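# My questions concern the predicted model and sequence given below.
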Amino acid sequence: MAEFRDRFAELSSLGLGLAAVSVDEPLRSLALVAQLQLPFPLLCDAEREVVRTYGLFNEKEKGGIAYPATFVLDRNRVVRFRSLDRTTSRVNLDELFSFLRAGIDSAPPESPTRSKIVPRLRDFIRVSGNVIRHGLRSPKR
Amino acid sequence: MGSPPNLAEVAPDFTVLDATQVRRHLADLCTERPLILVFYRGHW
């Protein structure tokens, strides 16, 4: 989320909006908005209906969470770009932005590459603090 | 369970609450400009 926050101004200047979905309920999402100072909405799929509909429900982890993924939708909700990601890798933002700068009518990358995520010590400390404050995960309703 | 929408397919519409308890409709979020829709694992 922080990576998208850091490039949000660039996204806006390209004429795009951004919204992010997880299974977190609003209170937990609000904590993330405050902690990371996110300038875009976090959508709360606490019932896990959206992640199921989108085929992105990872029921094996933490009571059921979303598999990470990134879509670019045009104004008619037609998918112009998609990257289905893994736990340890995410959409390559440079590649995504190259596509966006070329215009969403341009051909998307055949198979988007992904960037490896290497957790840092400060991430580990932040995660540990969040677990202590908020618990590991809200139970599935 | 469904499957992730492919390129050139219409993404399924949905309505959920946002972090401030406001109901958000995907179609409305796309109306004025194209949208990056990110699915993430949640707050650790």
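Noted; the coordinates are in hand. Numbers count the residues shown, from 1 in each chain, chains lettered A, B, ... in the order given.
# What parts of chain B come near chain A?
For chain B, the residues in contact with chain A (CB under 8 Å from any CB of the partner chain) are B:1-14, B:16-21, B:24, B:26-27, B:29-44. C-beta: built from backbone N, CA, C; applies to glycine.
# can you do 7 Å?
Residues of chain B lying near chain A by CB under 7 Å from any CB of the partner chain: B:1-14, B:16-21, B:24, B:26-27, B:29-31, B:33-44.
# Residue B:39 contacts residue A:65, correct?
No - between residue B:39 and residue A:65 there is no contact, the gap being 9.5 Å when judged by CB atoms under 7 Å.
# Pull out the buried residues from stretch B:4-18.
Within stretch B:4-18, the residues scored as buried using 16 or more other CB atoms under 10 Å in any protein chain shown are B:4, B:5, B:11, B:14, B:16, B:17, B:18.
# so what's residue A:44 bridging to?
Note on residue A:44: beta-bridge partners residue A:22, residue B:17, judged by DSSP bridges.
# check contacts around it.
Contacts of residue A:44 were listed using CB atoms under 7 Å, 6 or more residues apart in numbering or on different chains, and they are A:24, A:25, A:26, A:29, B:16, B:17, B:18, B:19.
# Repeat the analysis, applying 8 Å as the threshold.
Residue A:44 sits next to A:21, A:22, A:23, A:24, A:25, A:26, A:29, B:16, B:17, B:18, B:19 when contact means CB atoms under 8 Å, 6 or more residues apart in numbering or on different chains.
# for those residues, which one is nearest residue A:48?
residue A:23 (5.6 Å; CB to CB).
# How many residues are close by the closest one?
By the criterion of other CB atoms under 10 Å in any protein chain shown, residue A:23 has 29 neighbours.
# pLDDT value on the residue most central in space within chain B, please?
Centroid-nearest residue in chain B, with CA atoms, centre = their mean: residue B:26, separated by 4.9 Å. Residue B:26 carries a pLDDT score of 98 in this model.
# contacting residues around residue 39?
Using chain A here. Contacts of residue A:39 by CB under 8 Å, 6+ apart are A:5, A:8.
# that's the other chain; I wanted chain B
So residue B:39 contacts A:20, A:21, A:22, A:51, A:54, A:56, A:66, A:67, A:68, A:69, A:70 (CB under 8 Å, 6+ apart).
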